[in-house]
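K.L.:
test case, fold it:
(chains A and B)
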Amino acid sequence: MAYTDAVRSRFRKILEEVREAGLSKDERYIRSEQGVKIMVEYPRGSEPREVLNFCANNYLGLSSHPKVVEAAQTGLRERGYGMSSVRFICGTQDIHRDLERKMAEFLGKEDAILFASCFDANAAVFEVLFGEEDVIISDRLIHASLIDGIRLCSAKRDSYKNANMKHLERKLQLWKEKARHICIVTDGVFSMDGILAPLDEIAALAEEYGAIVLVDDSHATGFMGKTGRGVHEHCGVVDKIDIITTTLGKALGGASGGVIAGPKEVIEMMRNRGRPYLFSNSVPPPIVYGALEVIDLLNETTELRDRLEENAKRFRTSMAEAGFNLVPGETPIIPVMLGDAKLANDMARELLEKGIYVIGFSHPVVPMGKARIRVQLSAAHTNEDIDHAVAAFIEVGKKLEVID
Amino acid sequence: MSSEMRDKILEFIRDEYLDDEDQVIDEGTSLITSGIVDSFSMVSLKNFLEDEYKISLSDEEASAEAFNTLNSILKLVRTKLGSE
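P.N.:
Predicted coordinates for the structure are as follows:
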């Protein structure tokens, strides 16, 4: 047995350092289905109590929607629990291909391919498409999965300041004669700030310098844009964004699964060479059925994304009127800026006491001195839920001297 | 040469990494540990040093430790210029 005391001791020391730095991940047990009203056991071992959830990526309130649950149950009954295979051996049902076609159509792209997660999609996409003759220029605030995906690829790397188009253009000028392909990479919505990438400006620069654009729209698919297609729709550049990666794990039912949508050659290359695709199990049939139902719901009506937009406006307006410092934006991710890490954690804890479940974020997840509480709205929140949350913020904010 | 090199690299760092023009950085400012430069965006600095001073930095040489302050960067570049 090689797991010696020395090995154990080293790992324990690392974990102790993590705890001492206040970075230990303290998971709270939810004793109900995911939704706006959830039963939370916190502190651990205490009697679960109902709180309002303002920290889920359940933007459209579909995680436990009756129609989605029913569709998943039908999938379970008709097609089973799992595939016990990767896609190319015996893991592809007709429904997998149906969902890929529907996702492609929904996102306005030629074709699409499913992955076990968007993390897997991002881990696959760069290595397959780009080599050492190419350069990938990424926004400095892209998601960790994009960073890891870019690191797996042999292309040269560069980056630009968050959403700074002058800086991006300088990088494009720097690389235009030095690379075979240039790929610009950005999140559609930057999830810690709730701000949008200026995809219209990025698309224009990409056209001028002949660059490919890849957008991870995980925090936008289903609700940004007039019909919820994403930030590319919001910015009016559906046809000008080459590749979109996104997730089924947030607005689109919140279970799991990732998607790459783009030109058909790109998708075929992923199907043949994408390592996380080739070596991971297929998305389970109940999830495929659930996601198909979600896409049908969103194609029928924009009611949910409209409601979400109204909810985000209501929260932003009330909180700004109360004097809180918010990051301005148009998304349902609304950071309440506090600066100090301890204050952010104290405030989140006090809000939970008042039945509002939110989380404080501090360095290294966000820049030093920019600690915050990130509030995430859902279409399933009622006006009363939002007003109740604002009232709790005001009460705790006054107590902790965040507002007057 | 030393002062010119210092000013040039400092100017690049300010331009490449800082959003706030009033932020003060000097030879001893921790670039990596303070989060001004992260491990991923560090490659821009590596590219700049290689292009500007016609040197080649291996991944081991372009470490977070070597890139943590302007002083350590200057030391690295001078060592490379002396050895190449």
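
K.L.:
show me which residues of the stretch 301-404 of chain A sit near chain B.
P.N.:
Neighbours of chain B within the stretch 301-404 of chain A, by CB under 8 Å from any CB of the partner chain: A:363-364, A:367-368. (C-beta placed from N, C-alpha, C; glycine too.)

K.L.:
quick one: name whatever helix or strand follows the longest helix along chain B.
P.N.:
As assigned by DSSP state H, the longest helix anywhere in chain B is helix B:2-17. Using DSSP states H and E, the helix or strand that follows helix B:2-17 in sequence is helix B:42-53.

K.L.:
show me the shaky parts of chain B.
P.N.:
Scanning chain B for pLDDT under 70 picks out B:1, B:83-84.

K.L.:
can you tell me the centre-most residue of it?
P.N.:
Residue closest to the average C-alpha location in chain B (CA atoms, centre = their mean): B:Ile73, at 4.7 Å.

K.L.:
circling back: pull out the buried residues from the residues of the stretch 301-404 of chain A next to chain B.
P.N.:
Among these, those classed as buried by 16 or more other CB atoms under 10 Å in any protein chain shown are A:His363.

K.L.:
rebuild the residues of the stretch 301-404 of chain A next to chain B as CSV, extending it with pLDDT.
P.N.:
Below are those laid out as CSV (pLDDT from 0 to 100):
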residue, pLDDT
A:His363, 81
A:Pro364, 79
A:Pro367, 81
A:Met368, 79
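
K.L.:
the residues of the stretch 301-404 of chain A next to chain B in strands, which ones?
P.N.:
Using DSSP state E to define strands, no part of these is located there.

K.L.:
show me the contacts for the most far-flung residue of chain B relative to its centre.
P.N.:
Distance from the centre of chain B peaks at B:Asp22, with 19.5 Å (CA atoms, centre = their mean). Going by CB atoms under 8 Å, 6 or more residues apart in numbering or on different chains, B:Asp22 touches no other residue.

K.L.:
measure it to B:Arg14 for me?
P.N.:
Distance of B:Asp22 to B:Arg14, given as CB to CB, to the nearest Å: 11 Å.

K.L.:
just give me the neighbour total for A:Tyr209.
P.N.:
Residues contacting A:Tyr209 under the criterion other CB atoms under 10 Å in any protein chain shown number 17.

K.L.:
might one say that it is in contact with A:Leu172?
P.N.:
Yes. Using CB atoms under 8 Å, A:Tyr209 is in contact with A:Leu172, at 4.2 Å.

K.L.:
pull up the overlap in contacts between those two.
P.N.:
Counting by CB under 8 Å, 6+ apart, the residues touching both A:Tyr209 and A:Leu172 are A:Ile182.

K.L.:
on that earlier part again, okay but the residue nearest to the centre of chain B is in contact with B:Phe67, surely?
P.N.:
Yes. With contact defined as CB under 8 Å, B:Ile73 reaches B:Phe67; the gap is 6.0 Å.

K.L.:
now do the shared contacts for these two.
P.N.:
In contact with both B:Ile73 and B:Phe67: B:Leu45, using CB under 8 Å, 6+ apart.

K.L.:
want to try TSV for the residues of the stretch 301-404 of chain A next to chain B, with distance to A:Glu177 as columns?
P.N.:
As requested, these are exported to TSV (distance: CB to CB, whole Å):
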residue	distance to A:Glu177
A:His363	39
A:Pro364	36
A:Pro367	34
A:Met368	37
